[in-house]
Structure formats: structure tokens, C-alpha cells
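A.B. asks: what's the 3D shape of this:
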Amino acid sequence: GYALQWLLQRIEENKEPFDAAIILDADSVLSTNFLSVMNRHLANGERVIQAYYTVLHPERSWNTSLRYVALTALHYLRPLARMALGCSVGLKGNGMVFHRAIMRTHEWSASVTEDIEYHMSLLLAGERVTFAHEAVVWAEMPAELKDARTQNIRWEQGRLDMAKRYVPRLLKMAWTHQQPKLPAFVYIDAAIEHMIPPFSIVAGLSLLYLLMALFMQSASAIGLGIGLLVGQIAYFGAGLLLADSPRQVYIALLYAPHFVAWKIWLYLRILLGLDKQGWVRTARNHQ
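C.D. replies: Alright, predicted model coming up:
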């Protein structure tokens, strides 16, 4: 965040002419239509646009495959739904396009979770992020869980910090309707997004509920438990189908229980204050 903030400040100071800024991770690969798609969205009057950000080489390991599965839901299915509802799809940290007017009026955040914080500042100013699902940006994800640990800690810590800071402000904005550019439900949706726990927690609690229902031999509770798990499977299945996912990622779902258990352990450590860190460079697969 700090380096990007410095660069944008230098561009502004030098009065460099530009129509829009694209923010990408250094190891990203773009779809061939990326620039033409973004140009079309900008020409339609959209000022902040998010591409579909997904995993490069998801077949490399079961961890990258499961990360791909998660991102089909978080970075494809949910943004499509939010576009249909007229909500803001959020910024994902890679494959982001900003009209020059946005960059000149909204200073980029220098925090560890700069993409989330910048999205919040845009929302509070009445700016909505749109989704260009046709434009794709692929980036490497760690092949091993041990290499993904620092990245996941940073993400989950950032989510918690942003929820504490912005959920009350978003709900207040929805209640008072201080920003006439966007309807109240846009702010309610953004607040709910912050309050949704990680999928690993939801899946773990659903499975625990089902086991308790089986122990109690309650037919209605068992039915509800099965329904919760089936709903979550359908949610990810819809994302995989819509994103036209490769066959290999479906096989990796066999490792999902191990991954969910690892994420729950990591999340509990964060909640207990056992894992606190700032930005740490994520290990790359070739290192």
C-alpha cells in the first residue's frame, strides 16, 4: 500500500496525463481482451472496475485448487449477484481499474488491507465498484499451506479490522441516507459482507450442528443440518459451473475438510491474538 500510494502521489505531482489507472500484482497474467473490455466499461461511464481475479495454474496442488474454488465464489459468483442487484462488488487487490478523476480525488490507502479500505472510502463518498467478468487476471497462489499462512493471516486480520472500523459507519449511512448517490441497501450489503464469517467457520459450525442433531436424534434438526451443508455445496458448485472451471479442481474438493480445519485453527489463533503481523511478502512457488 505504501509503495503504491507513493507512486500515485508522484504521478499527480508531475501532472502526468492519463485516462485511467490499472493496478496489478507483478506476477499477474491478463486475458487478451483485458484492455478492450476495461476501455468499454470506462466509455460506459463506470469509474471503478474490478476484473475477475483468479488463480494461475490451479492444478499445481490441492491447495491452489481449493483457493481457485473459493475465488470462484468470492470473486465471480458474488460480484455477478451484486451487479444484478445494483450493489458495489468490492475491490479484490488485483485487476482494478480507476478513472483518473477517482485517483485524483481519493488518495490510495497505505494500510496492509488497502484494497478493502479504499473500497470503503469510495462507498462512503457515493462511488460504486462495477464488475467486468469478461476481463480476467490470473495470479500465482502458494502451492503449500505453509507458504499460504502469512497471506491468510494478513487477509483475515484485515477483514476483522475493517469490520470493526466500517460496519457501524456503513449501517449509519444506510439509516440516515447521508449519501444520495447510492441507495441504502448498497450500504447494508457492504456491512453484511464484512459480518459474514469465513466459509471455513460456517462449514465447521454447520457440520458440528449436524453431528449434534444426529446425537440428539432430532429429525427436524437433522434436516436443517443437511440443508445447511447442501446449501453450501450448491453455493460453491454454482461458482464452479459459472466460471467454467477445469476438472482437476473438482477432484481437489476431497481435501476440503483438511483445508477447512486448517483455516479454523488459523482463524482461532488470530481471534486469540496469537498471530499478529503487518505486511510480509508471500512466498512464491519458485522460491
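
A.B. asks: Okay, now the unreliable bits of the stretch 101-250 of the chain?
C.D. replies: 110-112 (pLDDT under 70).

A.B. asks: Which parts of the stretch 151-287 of the chain are helices?
C.D. replies: 184-195, 199-216, 219-242, 247-252, 256-271 (DSSP state H, counting those that start in this stretch).

A.B. asks: Show me the contact partners of the shortest one.
C.D. replies: It refers to helix 247-252. Applying CB atoms under 8 Å, 6 or more residues apart in numbering, the contact partners of helix 247-252 are 58-59, 62, 65-66, 68-69, 240. Any C-beta I mention is one placed from the backbone N, CA and C, and that applies to glycine too.

A.B. asks: Pipe those residues into CSV and attach neighbour count, distance to residue 117 and secondary structure per row.
C.D. replies: Shown next, in CSV, are the contacts of helix 247-252 (neighbours: other CB atoms under 10 Å; distance: CB to CB, whole Å; DSSP: H, G, I helix; E, B strand; the rest coil):
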residue, neighbour count, distance to residue 117, secondary structure
58, 24, 28, helix
59, 15, 34, helix
62, 22, 32, helix
65, 27, 30, helix
66, 24, 27, helix
68, 27, 26, helix
69, 25, 27, helix
240, 19, 30, helix
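
A.B. asks: just to revisit the earlier point, redo the helices of the stretch 151-287 of the chain as a markdown table? Include distance to residue 94.
C.D. replies: Shown next, in a markdown table, are the helices of the stretch 151-287 of the chain (distance: least, CB to CB, whole Å):
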| stretch | distance to residue 94 |
| --- | --- |
| helix 184-195 | 18 |
| helix 199-216 | 20 |
| helix 219-242 | 18 |
| helix 247-252 | 20 |
| helix 256-271 | 21 |
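
A.B. asks: Out of the ones you listed, the one nearest residue 162 is which?
C.D. replies: helix 184-195 (6.2 Å; CB to CB).

A.B. asks: Residue 206 contacts residue 225, correct?
C.D. replies: Yes. Checked against CB atoms under 8 Å, the pair residue 206 and residue 225 is within contact range at 6.7 Å.

A.B. asks: what ranges do the strands span in the chain?
C.D. replies: 20-23, 29-30, 48-55, 96-99, 130-139 (DSSP state E).

A.B. asks: As TSV, the ones you listed with distance to residue 262 would be great.
C.D. replies: Putting the strands of the chain into TSV (distance: least, CB to CB, whole Å) gives the following:
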stretch	distance to residue 262
strand 20-23	30
strand 29-30	27
strand 48-55	17
strand 96-99	29
strand 130-139	21
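
A.B. asks: Next, format these as JSON lines and append distance to residue 116 and mean neighbour count.
C.D. replies: Converted to JSON lines, the strands of the chain look like this (distance: least, CB to CB, whole Å; neighbours: other CB atoms under 10 Å):
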{"stretch": "strand 20-23", "distance to residue 116": "14", "mean neighbour count": "18"}
{"stretch": "strand 29-30", "distance to residue 116": "23", "mean neighbour count": "14"}
{"stretch": "strand 48-55", "distance to residue 116": "12", "mean neighbour count": "24"}
{"stretch": "strand 96-99", "distance to residue 116": "12", "mean neighbour count": "23"}
{"stretch": "strand 130-139", "distance to residue 116": "16", "mean neighbour count": "20"}
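
A.B. asks: Of those strands, which is nearest residue 10?
C.D. replies: It's strand 20-23; of the strands of the chain, that one is closest to residue 10 (CB to CB) at 12.7 Å.

A.B. asks: quick check: mean pLDDT across the closest one?
C.D. replies: For strand 20-23, the mean pLDDT works out to 91.

A.B. asks: Would you mind pulling up the elements that it packs against?
C.D. replies: helix 34-43, strand 96-99, helix 100-105 (3 or more CB pairs under 8 Å, 6 or more residues apart in numbering; DSSP states H and E).

A.B. asks: mind exporting stretch 216-230 as CSV, just the C-alpha atoms?
C.D. replies: Below are the C-alpha coordinates for stretch 216-230, written out as CSV (Å, rounded to 0.1, in the frame of the first residue of the first chain):
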residue,chain,number,x,y,z
MET,A,216,-30.0,-36.0,19.7
GLN,A,217,-31.8,-37.9,17.0
SER,A,218,-34.0,-34.9,16.1
ALA,A,219,-35.4,-35.4,12.6
SER,A,220,-36.1,-31.6,12.1
ALA,A,221,-32.7,-30.7,13.4
ILE,A,222,-31.0,-33.3,11.1
GLY,A,223,-33.0,-32.0,8.2
LEU,A,224,-31.9,-28.4,8.9
GLY,A,225,-28.2,-29.6,9.3
ILE,A,226,-28.3,-31.4,6.0
GLY,A,227,-30.0,-28.4,4.3
LEU,A,228,-27.2,-26.1,5.6
LEU,A,229,-24.5,-28.3,4.2
VAL,A,230,-26.3,-28.9,0.9
